[in-house]
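Participant: Make a model of this:
(3 chains)
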Amino acid sequence: MSSDSEDIPLAKRRQQQQRANKPSTNNLDSGSDSDTPLGKRKRPAVRKRVLDDDDDEDADTLSSSDSGPPAAKRARPSAAKKKSYKDDSSNSDGEGDFHGSSDSDVPLAKKKTVDSKAKTNGSSKTNGTNGTSRTKAAPKYKEESSSDSDAPLAKKAAFKKTSTPTKTKVKTEPVSSSKSKQSTTTIKRRGREEVDDRSKLKKVKKEEEEEEDDKSKVKKVKKEEDEDEDADAWWLNQKDNEDESVKWTSLKHNGVYFPPEYVPHGVKMKYDGKPITLAPAVEEIAGFFGALLFTEHAENPTFQENFFRDFSKIAKAHKTSPEITSFKKCDFTPMYEYYQAEKEKRKNMTKDQKEAAKEEKMVLDEMYGTCYLDGRKEKVGNYRIEPPGLFRGRGKHPKTGCLKYASLSSMFKTYQLRVQPEQVSLNLSRDAPIPKAPAGHKWGAIVHDDTKTWLATWKENVNDSTKYVFLAAGSSLKGQSDLKKFETARALKKEIDWIRRGYMADLKDKKMFNRQRATALYLIDRLALRAGNEKGEDEADTVGCCSLRFEHVTLEKPNIMHLDFLGKDSIRYEKTVEVDEQVFKNIRLFKREPAQEGDDLFDRLKTSELNKHLQNLMKGLTAKVFRTFNASFTFQDQLEKRTPKDGTIAEKLLAYNRANRDVAILCNHQRAVSKGHAGQIGKIEDKVRAYKYQKMKQKKMILSLEPKLKKKRPELLEPESDLEDDWIEEYETQLLEKERERIKAKFEKDNLKRKENKEKPMPAGELKDLLKEVDVKAKDLANERKKGVVPPTRGATVEKCNAQILKLDERIAATRLSLTDKEENKQTALGTSKINYIDPRISAAWCEKHKVPLDKIFTKTLRDKFKWAMTVDKDWEF
DNA sequence: GAGGTAACTTAGAATGTTTTTT
DNA sequence: AAAAAACATTCTAAGTTACCTC
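Facilitator: Okay, the predicted model is just below:
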């Protein structure tokens, strides 16, 4: 029943693909074994290379014997010189140093921030769009602005706060600091009486004032069935000021939805060939695996091992279950079949059943999928507590296959797979009614932390990570942070020139640390790499920029760099790029002996240090901002270039999608190749071959018509590439077969018609005659193949044949193009960049400008998510 | 300053639904 | 009308970042 090739799961295809992708020039093979294809992972605790930034030698001299610049040029740039790359135009402020000596980073950076502000202020109107200084919004939403009376002051405070990079929050905002401390402790306490924090006078007053508003607002919203767009349009009423850490003043919700209890189906797996009866919990776990049978997961040894450890342990603990000690003796196929059948059943549900299921979902959506935030009705995202199951880690995750459960502790008489209410903490405002916990249960904790956006949280067992219930993507909170994200990216756009000059200069810095930082920054900026935090041993071995290791980078003179590593989600990043000469030199320097495989390329650098540095360059700047900035910038740029001014909507959409794809490629967003892809490609290739076949025929026909052309046009004699005799024969056989079938079908159809019309059916002999004609044709073709000569068809002329050939060439080219297009699109995922990286205002403005309906580019959910961005005018620029 | 972790964004797989093709 | 492809949504894993603690 395992219709094998049919059902290859995505993960498997991905792997095959990755394997297939492996370039022949891959230098990483060395040391690779079956377990760690990208080289065995060595994590030397601290293995710094001998070169030390503290010894005062010029790193360039150390870097290599080759062609370093003459000593005079290598000398550290003087302060005056450095100033020059900060901002050529603003030479008025001579002290505008880019980075200064590293030990005095902070004070200089402070100056920098002020500088850049002064600069933008002076420069012009455009800075009105900068995140911190948005002032254009009209205070439409009157109720809210009541809490807002001190806006100008708060704004100033925020401004100041940000220009002092270190710990300023504590200094300038005692309220918020004490608050956050207290609220963290709150979370740890249990029960409902704990009151969070900041009952500062000001706040209390505010709340009192707003209580009234809240009530009326809630009523209003209910009455108008959330048709009231203005009430939801937070972006029309952006206040820049206000304590950013406070996320809401009122938050009411109904808690979370727990997955239903397991209903045993009694389907028996086999052990050692015999069906066995399992206790419900054990049966459920066996079912988890059974459902995954024949997928890449279930065939992965690590997955099997982890699963079996947990499975057999729990089976053992249940006395009623027979002992299970060998994975090999387990046969889960009955369960697999059961779940397949269930799937089928679900697919074949009647209309009524489907209707009922929909209804049920609606009820849950209303109950748990909705909350009230500051009186506004908002959607909750993932309100379902994750059901138990097998952890599906990506790539080579050491824990993949482990059982996700609630508790195996003996406190519970039976093993508890489902997360219990006691493990779940809820966050809501103090005035909100506390949702009832499921019967017989209590909530783990109730907190009132208005600096957090989560509604519920619990701990997961496999990686000991925290899970949250957040608002949906279309909510105001998410929208606001989205807007903030893009405004930061836009702010970077204004600063990028001098920041780039800065790190380019730092590439030659005497201190190794600075060089590494600059080089990393270069890669992050030019290649849109992720920051690359350190990872633990119990995670998949993936890297980002700062965690790149030697084996991930190879160099090729004069300035070519190959990158080959597994990034987030174990997606392979494999690119060959030209890099700046100095970057090339630096990387060679970093890679020098005694470094060896497994060592970090940037052995002095950590993401935290990189980000600290960036923070000094610009408020809110972190490594990930570069990705956002470059993605949006590239998109706008490409969109502009590709959109045909007078094209049809379809042509414009094509341009849009191409620009989108450029971004996806930049960010290396990939997806598994779909099931039928190879087949689809094959079909198109066949189409190309069919064209070539026709072309070949035309060419030969010309020669039959005009044999003299053999000398004049030797290309006519050349065989078509990729057109082999065997293929031709098979193709012709197919053509003939199809023709026969067509004739038969037509014959039968005609006879049916005759019958209806009470006419006599055509005699079978007629059909035979028709088929004979095909046989004659077959002989002709065979003859043509033998002699390599194609007699001209009736009315054929050299001119006509030439025209045909031209047409065919065009078609071949077009089909080939669609082939490349398809091929590339097949592994490129456009969605991720559209959802997370491309400022939606670029799209909105483009639609406006080119009269393209918005719903051609954004689905309903995306329009909802980006509703804050839809009001820009056609000339808006990122 | 290392190490841990809370909280949030970003990510591809899996699943569900609609549209297109056969 | 069925199958396949395309498109949309849901799910939860896997990142980044700030912050806390020692």
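
Participant: switch to C-alpha atoms for all contacts and neighbour counts from now on
Facilitator: Will do.

Participant: which helices and strands sit right next to whichever strand or helix holds A:Arg742?
Facilitator: Here A:Arg742, judged by DSSP states H and E, is contained in helix A:725-756. Under the contact definition 3 or more C-alpha pairs under 8 Å, 6 or more residues apart in numbering; DSSP states H and E, helix A:725-756 sits against helix A:764-787.

Participant: who touches the helix it packs on?
Facilitator: Residues outside helix A:764-787 that contact it (C-alpha atoms under 8 Å, 6 or more residues apart in numbering): A:Glu732, A:Thr733, A:Leu736, A:Glu739, A:Arg740, A:Ile743, A:Lys744, A:Phe747, A:Val790.

Participant: Closest one to DNA strand B out of those residues, please.
Facilitator: A:Glu739 (15.5 Å; C-alpha to the nearest atom of the strand).

Participant: Looking at that closest one now. What's its pLDDT?
Facilitator: With respect to pLDDT, A:Glu739 has a value of 77.

Participant: Contacts only, for it.
Facilitator: Counting by C-alpha under 8 Å, 6+ apart, A:Glu739 touches A:Val774.

Participant: Okay, it and A:Lys358: tell me how far apart.
Facilitator: A:Glu739 sits 49 Å away from A:Lys358, going by C-alpha to C-alpha, to the nearest Å.

Participant: Check A:Ile560 too.
Facilitator: According to C-alpha to C-alpha, A:Ile560 and A:Lys358 sit 56 Å apart.

Participant: Give me the neighbour count for A:Thr519.
Facilitator: For A:Thr519, the tally of surrounding residues (other C-alpha atoms under 10 Å) stands at 26.

Participant: quick one, what contacts A:Thr457?
Facilitator: Neighbour list for A:Thr457: A:Val424, A:Ser425, A:Leu426, A:Thr466, A:Lys467, A:Tyr468, A:Val469 [criterion: C-alpha under 8 Å, 6+ apart].

Participant: Please name the spatially closest residue to the residue in the stretch 701-850 of chain A that DNA strand B sits nearest to (chain neighbours excluded).
Facilitator: Per C-alpha to the nearest atom of the strand, the residue of the stretch 701-850 of chain A with the smallest distance to DNA strand B is A:Asn836, at 4.3 Å. Closest residue to A:Asn836 apart from its sequence neighbours, by C-alpha to C-alpha, 6 or more residues apart in numbering: A:Thr628 at 8.0 Å.

Participant: if I read this right, that neighbour contacts A:Ala489, doesn't it?
Facilitator: Yes: using C-alpha atoms under 8 Å, A:Thr628 makes contact with A:Ala489 at a distance of 6.1 Å.

Participant: So between these two, which is more surrounded?
Facilitator: Using other C-alpha under 10 Å as the criterion, A:Thr628 and A:Ala489 rank with A:Ala489 on top: 31 against 24.

Participant: Tell me how far that one lies from DNA strand C.
Facilitator: Computed as C-alpha to the nearest atom of the strand, to the nearest Å, the A:Ala489 to DNA strand C distance reads 11 Å.

Participant: Could you do A:Asp464 as well?
Facilitator: Distance of A:Asp464 to DNA strand C, computed by C-alpha to the nearest atom of the strand: 10 Å.

Participant: quick one: secondary structure of that residue?
Facilitator: Under DSSP: H, G, I helix; E, B strand; the rest coil, A:Asp464 falls in the coil class.

Participant: check contacts around it.
Facilitator: A:Asp464 sits next to no residue when contact means C-alpha under 8 Å, 6+ apart.

Participant: Pull the contacting residues for A:Glu877.
Facilitator: The contact partners of A:Glu877, taken as C-alpha under 8 Å, 6+ apart, are A:Ile842.

Participant: next one: stretch A:289-296 to chain centre, how far?
Facilitator: Centroid separation for stretch A:289-296 versus its chain: 25 Å, with C-alpha atoms, centre = their mean, to the nearest Å.

Participant: and the stretch 751-878 of chain A, which residues reach DNA strand B?
Facilitator: Contacts of the stretch 751-878 of chain A with DNA strand B, taken as C-alpha under 7 Å from any atom of the strand, map to A:Ala829, A:Thr832, A:Ser833, A:Asn836, A:Tyr837.

Participant: and these, which of them are in helices?
Facilitator: Judged by DSSP state H, helices contain the following of these: A:Thr832, A:Ser833, A:Asn836.

Participant: Pull the number of nearby residues for the last one.
Facilitator: The number of residues packed around A:Asn836, counting by other C-alpha under 10 Å, is 15.

Participant: Give me every residue in the stretch 551-700 of chain A lying close to DNA strand C.
Facilitator: A:567-570, A:607-608, A:611-612, A:615, A:620-625, A:675-676, A:679-680.

Participant: In PyMOL, select just the buried ones from these.
Facilitator: In PyMOL, this line selects whichever of those come out buried by 16 or more other C-alpha atoms under 10 Å:
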select buried, chain A and resi 567+568+570+607+611+612+615+620+621+622+623+624+625
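
Participant: restrict the residues of the stretch 551-700 of chain A next to DNA strand C to contacts with DNA strand B.
Facilitator: Okay, of those touching DNA strand B (C-alpha under 7 Å from any atom of the strand), that's A:Lys568, A:Asp569.

Participant: Among the residues of the stretch 551-700 of chain A next to DNA strand C, name the ones in helices.
Facilitator: A:Thr607, A:Ser608, A:Asn611, A:Lys612, A:Gln615, A:Ala623, A:Lys624, A:Val625, A:Gly679, A:Gln680.

Participant: A:Phe565 contacts A:His552, doesn't it?
Facilitator: Yes: in this structure, A:Phe565 is within contact of A:His552 by C-alpha under 8 Å, at 5.3 Å.

Participant: helix/strand/coil for the residue nearest to A:Ile805 when sequence neighbours are not counted?
Facilitator: Leaving aside its chain neighbours, A:Ile805 sits nearest to A:Lys695 (5.6 Å; criterion: C-alpha to C-alpha, 6+ apart). Going by three-state DSSP, the secondary structure assigned to A:Lys695 is helix.

Participant: now A:Phe602: how far from A:Thr797?
Facilitator: According to C-alpha to C-alpha, A:Phe602 stands 69 Å off from A:Thr797.
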